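Peer 1: attaching a predicted model along with its sequence, questions to come.
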Amino acid sequence: MTETPPILATLPEQRHRLIERIFARQNEQGLWKITDPTLPIQLYLPKHTATYHTLVTLADLGCDPADPRLERPLQTLIHLMYRPEKGVFGITPEAYSTHEPSPCINGHILYILGYFGKAGLYEVATTIRHFAQYQRFDDGDFKTPRQYPYSGSTDHCYSKHTCYWGVTGLLQGLAYLPQEATTPESESLKQKCIEFILLHEVCYSSHHPEQFIRGYIPRLQFPGMDFLEILHLLARAGARDPRMGRAIQLLKSKRNPDGTWNLERPLSNSIVSVGKPGAPNGFVTERAWEVLEKINR
C-alpha cells in the first residue's frame, strides 16, 4: 500500500459538504429532530437522526471540534442526559431500566465529549469511574445480581454474557480520551475492553470461532460499528496482537484492485448519505488505510 487511491483526494470536499448539510438541519435550539428539549429521550430518538446520534456522526465524519455550532448541542446533551445521582449518562430510567446504566450509550457519549474537546469535564470522570467499578467482562458465565446497577436483568445490557456492543462502545470513548484526561482507572478499563474484544478475535464468536459474532458485522459500514471500526479503535488504542489477524485478513480480502474499499452496508435512516452501497467509498477506504498503516507501523 504505497499509492493512495484518487478517491481520498476528493474526500475533504465531500466531508465538508456532508457536515454543512447536517448543520443546516439544526433547529433554533441547535438540536436535531426534537420537539421538546426538556425530554432526554428526544436527544436519543429517532435513532441515527436525533441529536445524540448526529453528534456521533459528526465526530465520525471528522467535524472540526472547534466549530461554534457544536456548543449548544453539546451543552444540552450534558445537561439533559447526565444523571448526577448515578454519576453516568442515560435516557429515562423508568422506560429503560433494563438498559441503564448503558455501557454503549455512555461509551458513545465519552467519544463525543472526548472528540469535541470536553474530556476534562467532571461528568466524564464520574462516568469512567462508574464503569471501571461495575462493567462486566463475562463470556457466558455471569449470574445477574439484583443490586445496582444490574437490577436482575436477564437480557439486554446485563445478561449472562457481557454485551459485546457495550464493550466496543466503551472502547470507542476510551480510545478518544486525550492523554491529559487519562487515569489509572481509564487505562485499566480500556485494557479490559481490549482483552474482551481480542477474546472474540475482533468479530468472531468466542464459543463458535468459525462464526461471526453477528451476521452483519463483516459488512463494511459507515458510519456505524462494523469489524473495521473495531479494528480502527483497537489500532488507535495501541493494540497489536495476533488475535487481530483474522479480521485484518478479512479487511485485506475486501480491498479492490485500485486500493479502495466498498460501502457494503449503509446505515439505515442516517441523517446523511455517505455513498452508494456496493461502490468504492472514501470514508471506508480512509479508515481501512489508517488501520493497515497503524498495524504495519
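Peer 2: Alright, I've got the coordinates.
Peer 1: only C-alpha atoms for contact and neighbour calcs from this point on.
Peer 2: Fine.
Peer 1: any weak-confidence spans in the stretch 1-150 of the chain?
Peer 2: 1-2, 92-99, 142, 144, 150 (pLDDT under 70).
Peer 1: make it 50
Peer 2: Within the stretch 1-150 of the chain, the segments meeting pLDDT under 50 span 95.
Peer 1: now the strands for it?
Peer 2: Counting by DSSP state E, counting those that start in this stretch, residue ranges of the strands within the stretch 1-150 of the chain are 82-83, 88-89.
Peer 1: mind giving me the packing neighbours of the last one?
Peer 2: Packed against strand 88-89 by the contact rule (3 or more Cα pairs under 8 Å, 6 or more residues apart in numbering; DSSP states H and E) you find strand 82-83, helix 103-115, helix 122-134.
Peer 1: ok, back up a step: winner for burial among the strands of the stretch 1-150 of the chain?
Peer 2: Using mean count of other Cα atoms under 10 Å, the stretch among these with the greatest mean number of neighbours is strand 88-89 (a mean of 26).
Peer 1: ok so, going back, looking at the helices and strands packed on strand 88-89, which is buried most?
Peer 2: Greatest burial across those, using mean count of other Cα under 10 Å, falls to helix 103-115, with a mean of 26.
Peer 1: what sits up against that helix?
Peer 2: 52, 55-56, 59, 65, 74, 88-90, 119, 124, 127, 131, 135, 157, 165-178 (Cα atoms under 8 Å, 6 or more residues apart in numbering).
Peer 1: before we move on, back to that, adding distance to Gln211, write the strands of the stretch 1-150 of the chain out as JSON lines.
Peer 2: Formatted as JSON lines, these follow (distance: least, Cα to Cα, whole Å):
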{"stretch": "strand 82-83", "distance to Gln211": "38"}
{"stretch": "strand 88-89", "distance to Gln211": "33"}
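Peer 1: to Ala288, which of those lies closest?
Peer 2: Closest approach to Ala288 among these (Cα to Cα): strand 88-89, 31.2 Å.
Peer 1: partner strands of the closest one and their direction?
Peer 2: strand 82-83 (antiparallel) (DSSP bridges).
Peer 1: which residues sit against the partner strand?
Peer 2: Here strand 82-83 has contacts from 88-90, 123, using Cα under 8 Å, 6+ apart.
Peer 1: distance check, Thr35 against Val124.
Peer 2: Remark: distance between Thr35 and Val124 (Cα to Cα, to the nearest Å) = 27 Å.
Peer 1: cool, Glu185 as well?
Peer 2: 12 Å.
Peer 1: can you give me the helices for the stretch 101-250 of the chain?
Peer 2: If DSSP state H, counting those that start in this stretch is used as the criterion, the helices of the stretch 101-250 of the chain fall at 103-115, 122-134, 164-175, 184-199, 227-236, 245-253.
Peer 1: other SSEs contacting the fifth one?
Peer 2: Packing partners of helix 227-236 (3+ Cα pairs under 8 Å, 6+ apart): helix 164-175, helix 245-253, helix 282-296.
Peer 1: likewise for the longest one?
Peer 2: Counting by 3+ Cα pairs under 8 Å, 6+ apart, the packing neighbours recorded for helix 184-199 are helix 122-134, helix 164-175.
Peer 1: switch the ones you listed over to JSON lines; also include distance to Leu198.
Peer 2: Formatted as JSON lines, the helices and strands packed on helix 184-199 follow (distance: least, Cα to Cα, whole Å):
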{"stretch": "helix 122-134", "distance to Leu198": "19"}
{"stretch": "helix 164-175", "distance to Leu198": "11"}
